[in-house]
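Colleague: Sequence first, then the predicted structure:
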Amino acid sequence: MTDLETAFWTPRLKRRSQRCFLTRPGFMLYDRRAEKYRNPKSRVRTGRSCPGEQVKEALFALLATNDFPEVTGRVCPAPCEGACVLGINEDPVGIKSIECAIIDRGFEEGWIVPNPPKNRTGKKIAIIGSGPAGLAAANQLNKAGHTVTVYERHDRIGGLMMYGIPNMKLDKSILQRRVDLMAAEGINFVTNTHIGEEITIADLKKDNDAVIVATGATVPRNLPIPGRELKGIDFAMTFLHANTKDLLDSNLQDGKYISAKDKDVVVIGGGDTGNDCIGTAVRHGAKSVVNFELLPAPPSERARDNPWPQWPKIFRVDYGHSEVQAKYGRDPREYCVMSKEFVDDGNGNVKGIKTVRVEWTRTRTGWDMKQVEGSEQFFSADMVLLSMGFLGPEDKALGTLERDGRKNVKTAPGQYATSEPGIFAAGDCRRGQSLIVWGINEGRQCAREVDQYLMHSTRLAVTGGIVKRSKLPAELLGRAERANPQQISVAASS
């Protein structure tokens, strides 16, 4: 794949690169404009503004690289903004807000309509899981003309996006709009189906030309300290899933959710999931909300060992934190706190947590943590939510697929084919816990590899939305030939 600078390489840029002692093109070759602000009249008149009434063109460019910008434009932490060149000495471009505005305008104007493929290849593909990776793969493979069926164990399509993200953060009507669009384009959805229990991967492979495993990483990290068995201690995703499902089913009227009303809530672990638990508890009417973080508070600005274009590890205030601040008068986060024991109220319910403060010290090999003597503290809690990340995929759906050292589905580096011919993996079940944007990218690239496997070439886009016709790699060609030698021999001779 060619870099953009290389594609437009000119003698002037070559001379400039030689003066700058650069061996390859890059952003340093370009002069930076010192003008920080242009009058709106002159800016609009030049026709070079962004998007400059070219919203429809911007929409097509956006959809060429992102299958679900209406989702990432709302819930993605936007690591792309942290890598924006402008962010070196100014605020970065608001990429997340821009893509959200573009896609919303596209739906409002009626530019986004079902566009099913004109021709079908006759190939059938089963996808296990309807999260970001599964849906992105389905969308791409359907565009290639294959018949795609997506299997979901829950009653609604969307996986983590449907039940793992609260409605106030991602309105489910927005997600359902996309699912309905995909269904209108010919993608089949099957809900309430547990692969590994009712149907196995082997069963799916018999009825399909390829299978994609996109089950996500859903095994939560536990906290095995004394008192863990007490009632009132739940995993964060259990809490969020039950809340969103009951909200969609009955507007929280049937009581089939874990209520935080009038409770002292402690959320152990930060990140987006922990913040969502905080925001949900506030909406339930919690008595108090505290959030434990094992690590120290991040700095207000980039540290010297966290340079651009790395993701800036700085102190942030998300919606959950600001809401607690507004309602209870303090930020909910307690840093450098280690939970030591859950305390019983005498009836098998949790009533609090014994903790100790920790101190972090940098060493030659990393960081060392030690407990601070005399820093023991008790926090009242009759609801504890564990939000400490995920360990990997669940075993049931994976069957006999080979796993790596982290218990994820094993594939060759940069590839998506598993240990069994015709079965592929994408998303968190392959790479481990990550962001929605990574899931979308995994699904897109896995779809490209599946298309190569089935058709022996592909025109699906690589990363960056670039369409480059590719033939089936020799390794995959050999595996496909062993699976169906007659078909391959005919294709090879054509």
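Modeller: Everything's here; your move.
Colleague: okay, now the domains of this structure?
Modeller: Domain assignment of the chain by the TED database yields the ranges 11-109, 124-219+391-474, 223-386.
Colleague: Please identify the deepest-packed of those.
Modeller: Mean neighbour count, computed with mean count of other CB atoms under 10 Å, is highest for domain 124-219+391-474 among the domains of the chain, reaching a mean of 20. (C-beta placed from N, C-alpha, C; glycine too.)
Colleague: doesn't N66 fall inside a strand?
Modeller: No: according to DSSP: H, G, I helix; E, B strand; the rest coil, N66 belongs to no strand; its state is coil.
Colleague: Next, find the distance separating it from D104.
Modeller: As judged by CB to CB, to the nearest Å, N66 and D104 stand 14 Å apart.
Colleague: Would you map the strands across the stretch 301-450 of the chain?
Modeller: Under the criterion DSSP state E, counting those that start in this stretch, strands of the stretch 301-450 of the chain are mapped to 333-335, 337-344, 350-363, 366-371, 377-380, 383-386, 390-392, 423-425.
Colleague: Tell me which of these approaches S322 most closely.
Modeller: Of all the strands of the stretch 301-450 of the chain, it is strand 333-335 that lies closest to S322, at 11.7 Å by CB to CB.
Colleague: Need the contact partners of that closest one.
Modeller: 270, 290-293, 295-297, 321 (CB atoms under 8 Å, 6 or more residues apart in numbering).
Colleague: how far does that strand sit from the chain's center?
Modeller: 25 Å (CA atoms, centre = their mean, to the nearest Å).
Colleague: What strands flank it, and is each parallel or antiparallel?
Modeller: strand 288-293 (parallel) (DSSP bridges).
Colleague: sorry, back to before: out of the contacts of strand 333-335, which comes closest to I127?
Modeller: Proximity of those to I127 (CB to CB) peaks at G270, which lies at 31.8 Å.
Colleague: and the closest residue to the closest one other than its chain neighbours, bridged to which residues?
Modeller: In space, and not counting its chain neighbours, G270 is closest to E293: 5.1 Å by CB to CB, 6 or more residues apart in numbering. With DSSP bridges applied, E293 shows beta-bridge pairing to Y335.
Colleague: Test my guess that V190 contacts V150.
Modeller: Yes: contact criterion CB atoms under 8 Å: V190 and V150 qualify, at 7.0 Å.
Colleague: Nearest the geometric middle of this structure, what residue?
Modeller: Geometric centre of the chain, nearest residue: I436, 1.5 Å, by CA atoms, centre = their mean.
Colleague: show me what contacts that residue?
Modeller: I436 neighbours (CB under 8 Å, 6+ apart): 68, 71-72, 75-76, 132, 160-161.
Colleague: Among the residues you listed, which one lies nearest to A217?
Modeller: Closest to A217, out of all of these and judged by CB to CB, is L160, at 9.7 Å.
Colleague: Pull the contacting residues for the closest one.
Modeller: Contacts for L160 (CB under 8 Å, 6+ apart) come out as 131-132, 216, 436.
Colleague: Return the per-residue confidence for V467.
Modeller: Here, the pLDDT recorded for V467 equals 71.
Colleague: now it: how far from K143?
Modeller: 11 Å.
Colleague: what is in contact with those two at once?
Modeller: Common contact partners of V467 and K143 (CB under 8 Å, 6+ apart): L460.
Colleague: circling back: adding distance to K118, write the domains of the chain out as TSV.
Modeller: Shown next, in TSV, are the domains of the chain (distance: least, CB to CB, whole Å):
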stretch	distance to K118
domain 11-109	18
domain 124-219+391-474	8
domain 223-386	36
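Colleague: Quick one, which of those domains gets closest to N115.
Modeller: Nearest to N115 among those is domain 124-219+391-474 (6.3 Å), distances taken as CB to CB.
Colleague: ok, and what's touching stretch 355-367?
Modeller: With CB under 8 Å, 6+ apart, stretch 355-367 has contacts from 292, 294-296, 336-340, 368-372, 375-379.
Colleague: do that again at 6 Å, thanks
Modeller: Contacts to stretch 355-367, defined as CB atoms under 6 Å, 6 or more residues apart in numbering, come from residues 296, 336-340, 368-372, 375-377.
Colleague: Quick check: the gap between H321 and M237.
Modeller: Distance, H321 to M237, using CB to CB: 20 Å.
Colleague: If you could redo that for N66, that was the one I meant.
Modeller: 25 Å.
Colleague: Can you tell me what sits against stretch 118-127?
Modeller: By CB under 6 Å, 6+ apart, stretch 118-127 touches 134, 137-138, 141, 145-150, 204, 208-212, 214, 454.
Colleague: Low-confidence stretches in this structure?
Modeller: 1-10, 12-52, 468-494 (pLDDT under 70).
Colleague: Excluding chain neighbours, what is closest to D209?
Modeller: Excluding the flanking residues, the one nearest D209 by CB to CB, 6+ apart is K123, at 4.6 Å.
Colleague: Give me the longest helix you can find in this protein.
Modeller: The residue-count maximum for a helix in the chain (DSSP state H) belongs to helix 436-455.
Colleague: and the helix or strand following that one, what does it pack onto?
Modeller: As assigned by DSSP states H and E, the chain's next helix or strand after helix 436-455 is strand 457-458. Packed against strand 457-458 by the contact rule (3 or more CB pairs under 6 Å, 6 or more residues apart in numbering; DSSP states H and E) you find helix 436-455.
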